[in-house]
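Asker: this one's sequence-less:
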């Protein structure tokens, strides 16, 4: 996912002329804000905040009607808000607030002088199908297994990358595992649009799925995704997380407890299906402090979440906790060992020189699971701020877990500090949401690689604060961030493949490009607008350079249109949370 120069050409294995020929076959998003009413193209829960954005065009009406999509009968009328500009898109809009609409059904929004909006639904199950697809996207990115037509439909494919014969890279060599030693590290999820597996993104992704179940067990117990394990008396979200936990456990050196940073080819595979890409040897590459701590945090979380499923996975809760504690001990001995790609490794680096956030997250999860005060002391909570989670900044995950378990923590835990950290972050995000012309907690600087994950992780943290104190603004701001991803954005695009009136058609995703199906694999979140445009030298011109318009719906655009497991995980969480907290 983290690209290198000329990544797209290298990954295709093509010369420049062939690459340009392929680019001509794609399509790009239209330049400028979409000239239409923008709203959540999937729908709304009955009690939820419901906002749409209407272009502030000269001569346009100042009121709106909500009409039935079936018979055009007017069911609600209201006044538009005042025109408000939003700098990241250089757009001026008026807000239509139709939150009073609570009757289940299918509707459109109508404003004089504007085309009618897309159809949207209102209903208690508005997000069940989407949440199931967002979770099933992990199944579609499984390594080491065939996807049968029974479960994958037209996206069925043979198995790829069994990873039962993986070489120890020279950077990872030890006395017990010298360079060239073959080990097995099977299963796991492909990280993103490529076929490599990385601890950094796996840790936050697996944690987020485990936390989703831990926080909202009733919703996820009923979320059937039709995977091979469905019906085994364990919720599908845990079966899916287990697929990756198995791989992560194999990435720990049994000799010293250290964790390899990634499992990868030396360079990216071609844009083909997994079974067609197995031409290069695979390696486990260098241990790192960040990998050990992300591993420790995830395994500590897994231990407490899986403890209630001992019959399904005997001894696993104890095994994962022991693995977490060994990784923590290794990190104490190697507290400043960042990862850098060796010269012969050209795949995603996930380099992270700042490690205090990983120490805080691992300490928090180990404290919650074990109750040992030494971990709380190691956390040094008074020195740890609360931030929006990302693979390279996991402080927010520590506070998220501490907030959820706040009432059962030992006497050494400062409950007031925990609440203030979470509420302080949510208050800042809600203030940005209230001030935003687009009613989203995103500033221009937030539009980076994977900006849609930023939007969704903001929503996830807003929901933590709402669960603590019930402030309605936090719930409404989280809903607005979800709405942005699902169509209430300047491009009028639902960024989840297969869900919405307009969705990405050409994501940077090898299985979607390599198969014979015209539509991409459904349920994946595209990265989203990214004004840094790291792929501009290898791709088509972007339709815009403004932060919220800098998006290209083309397979060449790894900087704006790639998919990734750590972008899908917060979507799974947020949909389940909103459906439960409605």
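Answerer: Yep, it's here. As the structure is a prediction and not an experimental result, all values here were calculated from the model. Numbers count the residues shown, from 1 in each chain.

Asker: how many neighbouring residues does the residue nearest to residue 312 when sequence neighbours are not counted have?
Answerer: Distance criterion Cβ to Cβ, 6 or more residues apart in numbering; nearest residue to residue 312, sequence neighbours excluded, is residue 234 at 4.9 Å. Bear in mind the C-beta positions are built from the backbone N, C-alpha and C, glycine included. Here the number of neighbours of residue 234 (other Cβ atoms under 10 Å) works out to 18.

Asker: ditto for residue 129
Answerer: 12.

Asker: now residue 156
Answerer: 14.

Asker: dump the residue contacts of it.
Answerer: 146-149 (Cβ atoms under 8 Å, 6 or more residues apart in numbering).

Asker: 10 Å - rerun?
Answerer: Taking Cβ atoms under 10 Å, 6 or more residues apart in numbering, we find residue 156 in contact with 146-150, 515, 517.

Asker: pick the one among these closest to residue 199.
Answerer: residue 147 (24.0 Å; Cβ to Cβ).

Asker: can you give me phi and psi for the closest one?
Answerer: phi -100, psi 110 (degrees, to the nearest 10).

Asker: then residue 197?
Answerer: According to degrees, to the nearest 10, residue 197 has phi -130, psi 130.

Asker: please renumber so the chain begins at 438
Answerer: Sounds good: first residue 438 from here, last item residue 634.

Asker: looks like it contacts residue 699 (just checking).
Answerer: Yes. The pair residue 634 / residue 699 is scored as a contact, 6.6 Å apart, by Cβ atoms under 10 Å.

Asker: name the residues contacting each of the two.
Answerer: 628, 688, 721.

Asker: what's the burial count for the second one?
Answerer: Read that as residue 688. 25.

Asker: doesn't residue 637 make contact with it?
Answerer: No. Using Cβ under 10 Å, residue 688 is not in contact with residue 637, being 11.5 Å away.

Asker: coming back round to it: quick one, which of the contacts of residue 593 are buried?
Answerer: With burial judged by 16 or more other Cβ atoms under 10 Å, the buried subset of the contacts of residue 593 is 584, 952.

Asker: what about the contacts of residue 593, which are in helices?
Answerer: Among these, the members falling in helices (DSSP state H) are 586-587.

Asker: would you list the contacts of residue 593 in JSON lines and tack on pLDDT and distance to residue 508?
Answerer: Formatted as JSON lines, the contacts of residue 593 follow (pLDDT from 0 to 100; distance: Cβ to Cβ, whole Å):
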{"residue": "583", "pLDDT": "98", "distance to residue 508": "47"}
{"residue": "584", "pLDDT": "98", "distance to residue 508": "42"}
{"residue": "585", "pLDDT": "98", "distance to residue 508": "43"}
{"residue": "586", "pLDDT": "98", "distance to residue 508": "40"}
{"residue": "587", "pLDDT": "98", "distance to residue 508": "39"}
{"residue": "952", "pLDDT": "96", "distance to residue 508": "40"}
{"residue": "954", "pLDDT": "97", "distance to residue 508": "36"}
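
Asker: what pLDDT is listed against the residue lying closest to residue 957 once chain neighbours are set aside?
Answerer: In this structure, residue 957 finds its nearest non-sequential neighbour in residue 949, 3.8 Å apart by Cβ to Cβ, 6+ apart. pLDDT for residue 949: 98.

Asker: switch the contacts of residue 593 over to JSON lines; also include distance to residue 522.
Answerer: Below are the contacts of residue 593 laid out as JSON lines (distance: Cβ to Cβ, whole Å):
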{"residue": "583", "distance to residue 522": "52"}
{"residue": "584", "distance to residue 522": "46"}
{"residue": "585", "distance to residue 522": "51"}
{"residue": "586", "distance to residue 522": "50"}
{"residue": "587", "distance to residue 522": "51"}
{"residue": "952", "distance to residue 522": "43"}
{"residue": "954", "distance to residue 522": "41"}
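
Asker: and residue 724, what are its bridge partners?
Answerer: Under the criterion DSSP bridges, residue 724 forms beta bridges with residue 697.

Asker: ok, the closest residue to residue 541 other than its chain neighbours - contacts?
Answerer: Spatial nearest neighbour of residue 541, chain neighbours left out: residue 560 (4.4 Å); criterion: Cβ to Cβ, 6+ apart. Counting by Cβ under 10 Å, 6+ apart, residue 560 touches 480-483, 540-543.

Asker: kindly report the same for residue 695.
Answerer: 609, 611, 688-689, 723-726, 728-729, 732, 763-764, 766-768, 770-771, 774.

Asker: can you verify my assumption that residue 966 contacts residue 932?
Answerer: Yes. In this structure residue 966 lies within contact range of residue 932 using Cβ under 10 Å: 9.4 Å.

Asker: which residues are common contacts for the two?
Answerer: Joint contacts of residue 966 and residue 932 (Cβ under 10 Å, 6+ apart) are 888-889, 926, 988.

Asker: now, which of the residues you listed lie within strands?
Answerer: Taking DSSP state E, every one of the shared contacts of residue 966 and residue 932 sits outside strands.

Asker: any idea which of the residues you listed is closest to residue 748?
Answerer: Nearest to residue 748 among the shared contacts of residue 966 and residue 932, with distances taken as Cβ to Cβ, is residue 889, at 38.1 Å.

Asker: what's the burial count for that closest one?
Answerer: 28.

Asker: and it, what does it touch?
Answerer: Residues near residue 889 by Cβ under 10 Å, 6+ apart: 879, 918, 921-922, 926, 932-933, 962-967, 988, 997, 1001, 1004-1005, 1007-1008.

Asker: let's see 8 Å
Answerer: So residue 889 contacts 922, 932, 962-965, 1004 (Cβ under 8 Å, 6+ apart).
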